[in-house]
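Asks: Quick check, what structure comes out for this input:
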Amino acid sequence: MSTQELINNEVENLPEPLQREVYDFAHFLRLKSKGELQLFQEFESWEAASDEDFLKLERSMVEVE
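Replies: Predicted structure coming up:
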């Protein structure tokens, strides 16, 4: 049995939330192997900063009202 078949058999028997975790991990490994992980981490940092900036803007708008 190939590695792909072994993986598929294991994943098929997992509940949906755990299948999602397997997918996330496989995606992480693909990014890491292509050298794209750093870019992805930088994007996540930027996205988190943007979320914080948006929350600050919302708070300041509420204070003005």
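Asks: can you map out the helices along this protein?
Replies: Remark: helices assigned in the chain by DSSP state H are 3-12, 16-33, 37-64.
Asks: Now tell me which of the ones you listed the model trusts least on average.
Replies: Note on these: lowest mean pLDDT is at helix 37-64, with a mean of 64.
Asks: residues of stretch 5-24 that come out buried?
Replies: Within stretch 5-24, no residue is scored as buried using 16 or more other C-beta atoms under 10 Å. In this view, the C-beta of every residue, glycine as well, is placed from N, C-alpha and C.
Asks: Name the residues that touch that stretch?
Replies: For stretch 5-24, the external contacting residues (C-beta atoms under 8 Å, 6 or more residues apart in numbering) are M1.
Asks: how close does N8 get to Q19?
Replies: Distance, N8 to Q19, using C-beta to C-beta, to the nearest Å: 11 Å.
Asks: And for K32, the neighbour number?
Replies: 12 (other C-beta atoms under 10 Å).
Asks: I should have written Q4 there, sorry.
Replies: Q4 has 8 neighbouring residues, counting by other C-beta under 10 Å.
Asks: For it, give its distance to E10.
Replies: Distance, Q4 to E10, by C-beta to C-beta: 11 Å.
Asks: Kindly report the same for V22.
Replies: According to C-beta to C-beta, V22 and E10 sit 8 Å apart.
Asks: One more: G35?
Replies: For G35, the distance to E10 - C-beta to C-beta - is 28 Å.
Asks: same question, D24
Replies: Distance from D24 to E10, counting by C-beta to C-beta: 16 Å.
Asks: L29 too?
Replies: 16 Å.
Asks: One more: R59?
Replies: R59 is 46 Å from E10, where distance means C-beta to C-beta.
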